[in-house]
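Engineer: I need the structure of the sequence given here:
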Amino acid sequence: MNVVNIPNIITFVRIIIIPAFVTALIYKRYGYALFLFIFAAVSDALDGLMARMTKQKTKLGAFLDPLADKSLLVTSFILFSVYDWIPLWLTITVISRDVIVVLGWILLYLSAHITKIEPSIIGKAAIASQLILIAYTLLSINVNYIPPPAGLMFWTVAVLTIVSGIQYIYKGLKQSAM
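Structural biologist: Model (predicted):
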């Protein structure tokens, strides 16, 4: 199967957007940062849908798509913590969950040669809540009358992230025992 297809090109563009997004934040071009983030989020949904509909799913795309998502989210959380837009403890929670999931996948692969782990509903909800938090934060920076995110939003992201991390650990232990 050809790896140079429209869904993979869209994913490559998402990866290339990350440095532009960081640059926009560093130079306080928050409107551009919001636009780039929304473009990345919409193109994430678009490339996956297009790959399924046109039967252009590839191993490269399956690898690069979550890499692009995680790179954008981790970069956003780190910068947003540095700028004090979101609490550091939340960034540590999000990144720790991702590190645990990746290390768990590596251990599963090494011990049981399992290469595919299906995302759970809670895992998808955690990622969605993280994306919403980043988008909302950028929106609140760009629109004066929108209040910055606060407690309930932070705790919702944290709880979903922690629960999904525990669920992935449980699923990984269950799979390794088989």
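Engineer: Just give the number of residues close to Leu138.
Structural biologist: As a burial measure, Leu138 scores 24 neighbours (other Cβ atoms under 10 Å). To be clear about C-beta, it is placed using only N, CA and C from the backbone, and glycine gets the same treatment.
Engineer: what helix or strand does the nearest residue to it once chain neighbours are set aside sit in?
Structural biologist: The shortest distance from Leu138 to any non-neighbouring residue, by Cβ to Cβ, 6 or more residues apart in numbering, is to Leu34 (4.2 Å). In the assignment (DSSP states H and E), Leu34 maps to helix 30-53.
Engineer: Would you tell me what the next helix or strand after that helix is?
Structural biologist: Next along from helix 30-53, by DSSP H and E: helix 59-82.
Engineer: can you list contacts of that next one?
Structural biologist: By Cβ atoms under 8 Å, 6 or more residues apart in numbering, the surrounding residues in contact with helix 59-82 are 3, 5, 7-8, 11-12, 14-15, 17-18, 21-22, 25, 37, 40, 44, 47-48, 51, 86-88, 90-91, 94-95, 98, 127, 130-131, 134, 137.
Engineer: how far does it sit from the chain's center?
Structural biologist: Remark: helix 59-82 is offset 5 Å from the chain centroid, using Cα atoms, centre = their mean, to the nearest Å.
Engineer: Mind checking the pLDDT average for that helix?
Structural biologist: For helix 59-82, the mean per-residue pLDDT is 90.
Engineer: mind saving the C-alpha coords of that helix as CSV?
Structural biologist: C-alpha atoms of helix 59-82 as CSV (Å, rounded to 0.1, in the frame of the first residue of the first chain):
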residue,chain,number,x,y,z
LYS,A,59,1.0,1.4,9.3
LEU,A,60,2.9,4.7,8.9
GLY,A,61,-0.4,6.7,9.4
ALA,A,62,-1.3,4.5,12.4
PHE,A,63,2.0,5.4,13.9
LEU,A,64,2.2,9.1,12.9
ASP,A,65,-1.3,10.1,13.8
PRO,A,66,-1.1,9.5,17.5
LEU,A,67,2.5,10.8,17.5
ALA,A,68,1.2,14.1,16.0
ASP,A,69,-1.6,14.3,18.5
LYS,A,70,0.6,13.6,21.5
SER,A,71,3.3,16.0,20.3
LEU,A,72,0.8,18.8,20.0
LEU,A,73,-0.9,18.1,23.3
VAL,A,74,2.4,17.7,25.3
THR,A,75,3.9,20.8,23.7
SER,A,76,0.7,22.7,24.6
PHE,A,77,0.6,21.5,28.1
ILE,A,78,4.2,22.4,28.8
LEU,A,79,4.0,25.8,27.3
PHE,A,80,0.7,26.6,29.0
SER,A,81,2.2,25.6,32.3
VAL,A,82,5.2,27.8,31.7
